[in-house]
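>>> Need a 3D model of the following:
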Amino acid sequence: QVQLVESGGGLVQAGGSLRLSCSASGRTFSSYVMGWFRQAPGKQREFVGTISGSGSRTTYVDSVKGRFTISRDNAKNTVYLQMNSLKPEDTAVYYCAAGQMYSSAWSLYDYWGQGTQVTVSS
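Below you'll find the predicted structure:
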């Protein structure tokens with residue numbers, strides 16, 4: 001079992017930055033692929049990006065490439081989502097997830113955090 005807790009969300013103006021953190025329980029954190037997803041009101045859950053267990057590989061959805069960066073610190077059991085140049089359309093609840101497969105498909109992730117709200121004002 002892995003428990004995930006996100007933090008770092010909030011209200012920011014367009015063009016601003018936020019860094020989300022996701023802390024994980026358990027001693028096998030480095031064995032998990034970690035993904036970030038988001039869901040805006042009335043919309044489906046959307047893949048944001050993912051990072052391999054070692055942190056050597058990352059993949060992003062096109063809409064955030066060049067603006068968002070995922071990193072992880074396996075010694076701290078934490079994965080981060082650095083979000084720069086935020087836009088109003090980035091407004092959503094952001095979730096971190098842990099899984100065994102490197103994928104953009106939310107259904108392949110086994111464990112989920114409770115989510116953290118990010119609101120970008122124009």
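>>> so how far is residue 57 from residue 15?
To residue 57, residue 15 is 29 Å away according to C-beta to C-beta, to the nearest Å. The way it works is simple: take the backbone N, C-alpha and C, and place the C-beta from them, glycine included.
>>> what does residue 4 give?
Separation of residue 4 from residue 57 (C-beta to C-beta): 20 Å.
>>> Looking at the two, which is more packed in?
residue 4 (23 against 11; other C-beta atoms under 10 Å).
>>> Over to that one: give its phi and psi.
phi -120, psi 140 (degrees, to the nearest 10).
>>> Run through the residues that contact it.
By C-beta atoms under 8 Å, 6 or more residues apart in numbering, the contact set of residue 4 is 22, 23, 24, 25, 96, 97, 98, 111, 112, 113, 114.
>>> Which one of the residues you listed sits in the busiest neighbourhood?
residue 96 (29 neighbours).
>>> Report the contact partners of it.
Residues counted as contacts of residue 96 (C-beta under 8 Å, 6+ apart) are 4, 6, 20, 22, 34, 35, 36, 37, 79, 81, 112, 113.
>>> Those residues into TSV, with extra columns for pLDDT?
Compiled in TSV, the contacts of residue 96 are given as follows (pLDDT from 0 to 100):
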residue	pLDDT
4	97
6	97
20	98
22	98
34	98
35	98
36	98
37	98
79	98
81	98
112	97
113	97
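>>> As JSON lines, those with secondary structure would be great.
Supplementary listing: the contacts of residue 96 in JSON lines, determined by DSSP: H, G, I helix; E, B strand; the rest coil:
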{"residue": "4", "secondary structure": "strand"}
{"residue": "6", "secondary structure": "strand"}
{"residue": "20", "secondary structure": "strand"}
{"residue": "22", "secondary structure": "strand"}
{"residue": "34", "secondary structure": "strand"}
{"residue": "35", "secondary structure": "strand"}
{"residue": "36", "secondary structure": "strand"}
{"residue": "37", "secondary structure": "strand"}
{"residue": "79", "secondary structure": "strand"}
{"residue": "81", "secondary structure": "strand"}
{"residue": "112", "secondary structure": "strand"}
{"residue": "113", "secondary structure": "coil"}
